[in-house]
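A predicted structure for the sequence below; I have some questions about it.
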Protein chains: 2
Amino acid sequence: MQQPVIILVNPQMGENIGATARVMLNFGLENLRVVAPRDGWPNPKAESMAVHAKKILKKAKVFKTTEEAIKDLQYVYAATARNRYMVKEVVTPKKCSSEIYKKIEKGIKFGIMFGPERTGLLNEDVVLADSIVTIPVNPKFYSLNLAQSVAIISYELFQKNQKDKASKISYGKSQLASKKEILGFFEHIEEELDKKGFFKTKELKNHMVKNIRSLFLRAKLTDQEVRTLRGAVRALSEIRKKV
Amino acid sequence: MQQPVIILVNPQMGENIGATARVMLNFGLENLRVVAPRDGWPNPKAESMAVHAKKILKKAKVFKTTEEAIKDLQYVYAATARNRYMVKEVVTPKKCSSEIYKKIEKGIKFGIMFGPERTGLLNEDVVLADSIVTIPVNPKFYSLNLAQSVAIISYELFQKNQKDKASKISYGKSQLASKKEILGFFEHIEEELDKKGFFKTKELKNHMVKNIRSLFLRAKLTDQEVRTLRGAVRALSEIRKKV
């Protein structure tokens, strides 16, 4: 069965990457992806913290951008404690893990993104996610350590996995679009909109791109729907292209 | 309302003590006790890892022995991943937290003990506990980092606390014996048994003390029952004492 992928976006401290690997293995997760780690890769501090989970680091995949890291996935959660004022579903770790295993049964490829220690995920990264997962914490001190956040979500995934083990079957019926297809569509439509002068200023562009991406992500597009949308964008912009 | 107490027994690394304080505050827990920390107290590494949770460290209580640390509590869990072959109830973190809040409503004072990084709790400490709490993990790699274990149990406590907030009332009906009373009784009966030559060898003594303590702890004695038992022990040993 396809396992959920843990994605660390711009992690700063090797110790936290190592502690993440260790706790992933504690809870039976083995797929780690790392986006642009601050101190490069491989990271000796990560290896020393990972203890017996060095193999998780060895087979971790490293990417330059978040987009690259999620391309082949079909559903992505952003782990964040702060309200992002985006129209996105926000779930608890418990809800997240039960959703994940329901969708994994259908063959959907899943990832959960965690941001850097100091800031958490940037809005540009959160907007790429389908849903937000928020660990309920003390509102007076909500800043969880990176590896602790991974621990709690991995723990919930493992509890759910254990409980459902008997009934878990993998079958590939669903045709939810991959992130590569979705991102391809975003680039396409944004480029076309840009050419048309749709975005008045850089500030407005950032804002609107965020809203557009959020809106389409909430729709949970299939690959066929993405092809249809791209066809529509192409058709709409055709005249301009011929100029 | 009385909060559950987190007890670190012989912690080795200051970093883990600090990370424990931080995650306790994340989940609204403020009562930390530390038994004989390897590197003394206060510990600068703990303080630097605690970030904004330094106040937890400042008001932490430090003890020389586990017995001292649990004296005023009435119910103690031992967090351990390994099977200890003792006749003690073993619960999951979820079960543990729902039990704790049910008992806290009755005014019972609670603690959860965590052992040192390298070995976990020693059997002598586990035997002092009323129940064992075990985090379900990958059986092939069950060694959780100390602060991660505290994180997961604190997380479950917080979830339960949030859910039950509306209905939580503290009332002091229960008369479960305090650990001080229980330990007093243990010392009393063991001393008397020793005087009577009940323990043939040192090895046998260790073994039998463990079994006796386990047996009485499973009974969840009230303070009145402890007084009765001590009276019984006193009465039984009276003749000998008069000699």
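Here it is on my side, so go on.

so A:Lys59 sits right up against A:Glu30, yeah?
Yes. The pair A:Lys59 and A:Glu30 qualifies as a contact (Cβ atoms under 8 Å) at a distance of 7.3 Å. (Each C-beta comes from the backbone N, C-alpha and C, glycine too.)

between these two, tell me which one has more neighbours.
Legend: neighbour count by other Cβ atoms under 10 Å in any protein chain shown for A:Lys59 and A:Glu30, higher for A:Glu30 (16 against 10).

list the residues that contact that one.
Contacts of A:Glu30 were listed using Cβ atoms under 8 Å, 6 or more residues apart in numbering or on different chains, and they are A:3, A:24, A:55-56, A:59.

and A:Lys55, by the same measure?
A:Lys55 sits next to A:25, A:30 when contact means Cβ under 8 Å, 6+ apart.

helix, strand, or coil at it?
helix (DSSP: H, G, I helix; E, B strand; the rest coil).

pLDDT score assigned to it?
On the pLDDT scale, A:Lys55 is placed at 96.

check the one 4 residues further on too.
The confidence metric pLDDT takes the value 96 at A:Lys59.

from A:Met113, how far off is it?
For A:Lys59, the distance to A:Met113 equals 19 Å [Cβ to Cβ, to the nearest Å].

confidence score at the nearest residue to A:Leu146 once chain neighbours are set aside?
Distances taken as Cβ to Cβ, 6 or more residues apart in numbering or on different chains place A:Asn16 nearest to A:Leu146, at 4.4 Å, with adjacent residues excluded. Listed pLDDT for A:Asn16 reads 96.

and A:Asn16, which helix or strand is it part of?
Per DSSP states H and E: A:Asn16 is located in helix A:14-26.

contact partners of that helix?
Under the contact criterion Cβ under 8 Å, 6+ apart, helix A:14-26 has outside partners A:6, A:8, A:11, A:30, A:32, A:34, A:37, A:39, A:43-57, A:60, A:114, A:117, A:145-147, A:150-151, A:154, B:137-138, B:141-145, B:148.

buried among those residues? Make that a ChimeraX selection.
Here is the ChimeraX command that selects the buried residues among the contacts of helix A:14-26 (16 or more other Cβ atoms under 10 Å in any protein chain shown):
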select /A:6,8,11,30,32,34,37,43,46,47,49,50,53,54,56,57,60,114,117,145,146,147,150,151,154 /B:137,138,141,143,144,145,148
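
filter the contacts of helix A:14-26 down to the ones in helices?
A:44-50, A:54-57, A:146-147, A:150-151, A:154, B:148 (DSSP state H).

pLDDT below threshold where in chain A?
Regions of chain A meeting the criterion pLDDT under 70 cover residues A:1, A:86, A:163-175, A:239-243.

how about the residues of it near chain B?
Within chain A, the positions lying close to chain B (Cβ under 8 Å from any Cβ of the partner chain) are A:19, A:22-23, A:25-28, A:51-53, A:94, A:135-138, A:141-145, A:147-148, A:151-152, A:155, A:158-159, A:162.

understood, closing this out.
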